[in-house]
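*Asks:* sequence unavailable; structure follows:
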């Protein structure tokens, strides 16, 4: 008996479809490169430009999340999987990590404010 | 009991039906592994954030630590790490192109793009080794560790005055400085217990997080190489599909994804 049923789920595509996909791959490459370029430039000039650090910091984090979205959705192909599969992968991670971030940073601020007091 | 159990014909025996996810077993398991690995990296980065916020004033600024660039003198903050990021993004592109070629059963292009991916991965691991080398060796001037363990930075090569840690850069000089410099040691570079750039914790997290990520890149290169050899041998051509390239591709993109976050939270923010 053949237990390996991988071949039922592999995706093949034609030369024409491949051409469309390759174009998409390169477009996303330029997006990722552009975002990285913006991040590095901002990192070098923000102080001289007199930008406020919180604004710069949140811009970095936002751009990082955009980059992460493009890598996961397109390069890892998650966007084109079934919805239930997407939720199964993303939801446990997002719920627990958001919880952990809030918990850890909240405690960190407390530890910081009470240095030498306890 | 086993001896008495009736044999079940294949029509009654449920064969598992079709996957509700329409994804092959191997790819589902790779995704599960990646989610668990993502938790590990998140744990590391969040604990980094915890320590950093706890010691907000005295935390070293990564921009002032990693300023070297090969064959160039002077300060070049961010440039080297930006180059490393570019190399890893590039190798992500070649990987996804290999996966795409696999979908068309185009063996020649799978070979080409996988080879470039392996080259990119090796350059990245080499760059990380170079970064570690400079971090461990430190600067020519070094720094000074006071008797209470505080790291202070020299004002100039005379080594008579220094700056206290913190954003305000308070300078201590003259007799006061001389008295404080009597007890303590000069430190050069960073290891797990001392760090000339400031808190040893910064060094610990740097070694642990970039080291853990570097190990992932290295194992990714090794797995890529094994799959590459199989592509050369025609294993997947015979099988009729390149699912293995997709699986290793998922792992490789994940490694790139982690670097995107390490880059932001270690070097930028």
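*Replies:* Everything's here; your move. These numbers come from a predicted model, not from an experiment. Numbering: from 1, shown residues only, chains lettered A, B, ... in the order given.
*Asks:* next one: residue B:66 from chain A, what distance?
*Replies:* Residue B:66 is 12 Å from chain A, where distance means C-beta to the nearest C-beta, to the nearest Å. C-beta here means a position set from N, CA and C on the backbone, and glycine is covered the same way.
*Asks:* which pLDDT value goes with the residue lying closest to that residue once chain neighbours are set aside?
*Replies:* Using C-beta to C-beta, 6 or more residues apart in numbering or on different chains and skipping the chain neighbours, the partner closest in space to residue B:66 is residue B:81 (6.1 Å). Looking at residue B:81, its pLDDT is 91.
*Asks:* residues in contact with residue B:81?
*Replies:* Counting by C-beta atoms under 8 Å, 6 or more residues apart in numbering or on different chains, residue B:81 makes contact with B:66, B:131, B:263, B:267.
*Asks:* and the second one, what does it touch?
*Replies:* Residue B:131 is in contact with B:66, B:80-81, B:84, B:210, counting by C-beta under 8 Å, 6+ apart.
*Asks:* okay, and which of those map to helices?
*Replies:* Among the contacts of residue B:131, the ones falling in helices (DSSP state H) are B:80-81, B:84, B:210.
*Asks:* rewinding a little: got the contacts of residue B:131 as JSON lines, with distance to residue B:115 columns?
*Replies:* Formatted as JSON lines, the contacts of residue B:131 follow (distance: C-beta to C-beta, whole Å):
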{"residue": "B:66", "distance to residue B:115": "30"}
{"residue": "B:80", "distance to residue B:115": "25"}
{"residue": "B:81", "distance to residue B:115": "25"}
{"residue": "B:84", "distance to residue B:115": "20"}
{"residue": "B:210", "distance to residue B:115": "26"}
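*Asks:* of these - the most surrounded one?
*Replies:* Highest neighbour count within the contacts of residue B:131: residue B:81, with 24 neighbours (other C-beta atoms under 10 Å in any protein chain shown).
*Asks:* once you drop chain neighbours, what's closest to the residue of chain A found nearest chain B?
*Replies:* Closest residue of chain A to chain B, C-beta to the nearest C-beta: residue A:108 (3.5 Å). Leaving aside its sequence neighbours, residue A:108 sits nearest to residue B:53 (C-beta to C-beta, 6+ apart; 3.5 Å).
*Asks:* right, and the one you found touches residue A:113 too?
*Replies:* No. Here residue B:53 does not reach residue A:113: they are 10.2 Å apart, not a contact under C-beta atoms under 8 Å.
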